[in-house]
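# Dropping the sequence and predicted coords here.
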Amino acid sequence: MRIACFDAPSGASGDMILGALIDAGCSPAGIRRALSTLKLPSWRLAVSRVRRGGFAATRVKVVPAGKPKWPGVRSVISRARSVDGWRGRGNGIIAAILRAEGKVHGVRVSHAHLHELEDLDTVVDVFGTLAALELMGIERVHVTGLVTGSGSVMTAHGRLPVPAPGTAELLRGLTVRLGGGLGELLTPTGAAILSDIAEDVPPPGFKVERIGCGAGAKDYGALGHGAADHGDAGRNREPAKAVPNILRVFIGEAEVSPSTGCVVQLEAVIDDMNPQLVEPFLARVYGLGALEAWTAPVQMKRNRPAFSLTVLCEPGIAGEITRAFLEETTTLGVRMTRPERVVLPRRMAKVRTRWGPVRVKVAGSGRSLHVTPEFADVAALARRARIPARLVLDEAGDRAAALAGKAPKA
């Protein structure tokens, strides 16, 4: 499984993320061709080599032919709103920035005004990053050491504390360190991209194949914090104690194989209990941490109808589960076995539907890849929107398949 891990002790921005992926080997021309399907206003991607401290890094700048404002870009993006794959995810990221800004300023999303999104470069950073991940075959993304910066930053709404309110809203679900440097190190676009693409768990062990460095616009050198980006290796070098304004990405292959281990299976066959009592029993064992529980009809001697009640659990809680059997049911005893099992590695991801986000369980890889939307999220969105649950489930399933690189069901 191919993974990418971003190391972010200097924060992150959209252009730093894109620059790191290009520095790691993604073709700028390939990104340009991929984004041509969006039919954006004319633009070009300026790629240059700069120095940040002791690091050579790639700096990218989006140069538009004109100065397209957000309403024009909004209309272009809205035409791709229902598209699956990375284009659909890009719309979700931009929508997340809009929602964050709307919440901060207490306005509806349709009225949210994002000064940062007036520039075409934000849209290219978002969609370019997603296209680059697809072009490089990246299946999972992680981020470590993410910092926000400190102090204050001047915005269209005046001077605001770091992280700015819109950025702070986008940090939900990410592990970050407040502070870590003077000024704004994590931008709204950087926060929105990483919160969507990156898993908030440490990366597995992997064989590093490529390393890329993306440079930020500022060069924290001898002229002070926030000095201009000169793109010259010999000027404005950073003090030795400063953290270079770069974002590194490590790309490589992680070995994914099924894990094996023992579990405890507890079982009782019952023919004299009110079946309504099964519900509180299941609630108790799941609350204790049971892995799975089920019932099945059986025929006992003299053809008495009955049911078997089975629970799988980790060995450490087998005693508590046994007590639940003896206290919550009418059984006089519990059978215990220790079967071995093979389990696919799994992770949780999130996809966005037109009605809201849905968590997705992703298990295995290659031919053993499975993607399953969490039905509790599906049902909640369906109730809120007052629509059939199957509509939400179908869209969540298609977006989950696109996220995992599988062809959606016909």
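Happy to help now that I have it.
# got the residue ranges for the helices in the stretch 101-250 of the chain?
With DSSP state H, counting those that start in this stretch as the definition, the stretch 101-250 of the chain shows helices at residue ranges 120-135, 165-170, 188-197.
# Deepest-packed of those helices, please.
For the helices of the stretch 101-250 of the chain, average neighbour numbers computed from mean count of other CB atoms under 10 Å are highest in helix 188-197, which has a mean of 26. (Each C-beta comes from the backbone N, C-alpha and C, glycine too.)
# Between helix 120-135 and that one, find me the angle.
Between the direction of helix 188-197 and that of helix 120-135, the angle (axes from the mean of the first three to the mean of the last three CA atoms, to 10 degrees) works out to 30 degrees.
# Same question for the helix or strand in which Arg390 is found: list its buried residues.
Arg390 is part of helix 389-404, with elements assigned from DSSP states H and E. Neighbour counts using 16 or more other CB atoms under 10 Å place 391-404 of helix 389-404 among the buried residues.
# Also stretch 324-338?
Within stretch 324-338, the residues that qualify as buried are Ala324, Phe325, Glu328, Thr329, Thr331, Val334, counting by 16+ other CB under 10 Å.
# List the residues that contact the first one.
Under the criterion of CB atoms under 8 Å, 6 or more residues apart in numbering, the contact partners of Ala324 comprise Phe281, Arg284, Val285, Leu288.
# got a list of what the last one touches?
Going back to what we said before, that points to Leu288. Contacts for Leu288 (CB under 8 Å, 6+ apart) come out as Cys313, Ile317, Glu320, Ile321, Ala324.
# any idea how far the first one lies from Phe325?
When you say that, I think you mean Cys313. Taking CB to CB, to the nearest Å as the criterion, Cys313 is separated from Phe325 by 11 Å.
# Find residues that contact each of those two.
In contact with both Cys313 and Phe325: Leu266, using CB under 8 Å, 6+ apart.
# Buried only: go through the contacts of Leu288 for me.
When burial is judged by neighbour count using 16+ other CB under 10 Å, the buried members of the contacts of Leu288 are Cys313, Ile317, Ile321, Ala324.
# among these, which are in helices?
When DSSP state H is applied, those are split such that Ile321, Ala324 fall in helices.
# Please identify the residue most distant from the middle of this structure.
Residue distances from the centre of the chain (CA atoms, centre = their mean) peak at Arg302, which lies 56.2 Å from the mean C-alpha position.
# hmm, back to that, any chance of CSV for the buried residues of helix 389-404, columns pLDDT and distance to Val249?
Supplementary listing: the buried residues of helix 389-404 in CSV, determined by pLDDT from 0 to 100; distance: CB to CB, whole Å:
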residue, pLDDT, distance to Val249
Leu391, 95, 37
Val392, 94, 34
Leu393, 94, 34
Asp394, 93, 34
Glu395, 92, 31
Ala396, 91, 29
Gly397, 89, 30
Asp398, 87, 29
Arg399, 85, 25
Ala400, 83, 25
Ala401, 80, 26
Ala402, 79, 23
Leu403, 69, 20
Ala404, 64, 21
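# Which of those residues sits closest to Asp271?
The closest of these to Asp271 turns out to be Leu393 (CB to CB; 37.3 Å).
# can you tell me the helix or strand for the closest residue to the closest one other than its chain neighbours?
In this structure, Leu393 finds its nearest non-sequential neighbour in Val378, 4.9 Å apart by CB to CB, 6 or more residues apart in numbering. Using DSSP H and E, the secondary-structure element containing Val378 is helix 375-385.
# Does that helix pack against any helices or strands, and if so which?
Packed against helix 375-385, as judged by 3 or more CB pairs under 8 Å, 6 or more residues apart in numbering; DSSP states H and E, are the following elements: strand 356-363, helix 389-404.
# Using a markdown table, lay out these together with distance to Met348.
Listed next are those as a markdown table, based on distance: least, CB to CB, whole Å:
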| stretch | distance to Met348 |
| --- | --- |
| strand 356-363 | 6 |
| helix 389-404 | 11 |
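# which stretch among those comes nearest Ser36?
Nearest to Ser36, of all the helices and strands packed on helix 375-385, is helix 389-404, at 19.8 Å by CB to CB.
# What are the boundaries of the strands in the stretch 251-400 of the chain?
For the stretch 251-400 of the chain, the strands defined by DSSP state E, counting those that start in this stretch occupy 259-262, 264-270, 292-299, 305-313, 335-337, 340-343, 346-353, 356-363, 370-373.
# so can I have TSV of those showing distance to Leu171?
Formatted as TSV, the entries for the strands of the stretch 251-400 of the chain read as follows, by distance: least, CB to CB, whole Å:
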stretch	distance to Leu171
strand 259-262	32
strand 264-270	40
strand 292-299	34
strand 305-313	36
strand 335-337	46
strand 340-343	32
strand 346-353	15
strand 356-363	16
strand 370-373	25
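# By mean pLDDT, show me the worst of the ones you listed.
If those are sorted by mean pLDDT, strand 259-262 sits at the bottom with a mean of 71.
# how much does the helix holding Arg390 deviate in direction from strand 346-353?
On the basis of the same axes, to 10 degrees, helix 389-404 is oriented at 120 degrees to strand 346-353.
# angle of helix 389-404 against strand 356-363?
Using the same axes, to 10 degrees, the inter-axis angle of helix 389-404 relative to strand 356-363 is 60 degrees.
# same for helix 389-404, what does it pack against?
Identification of packing neighbours for helix 389-404 by 3+ CB pairs under 8 Å, 6+ apart yields helix 85-105, strand 346-353, strand 356-363, strand 370-373, helix 375-385.
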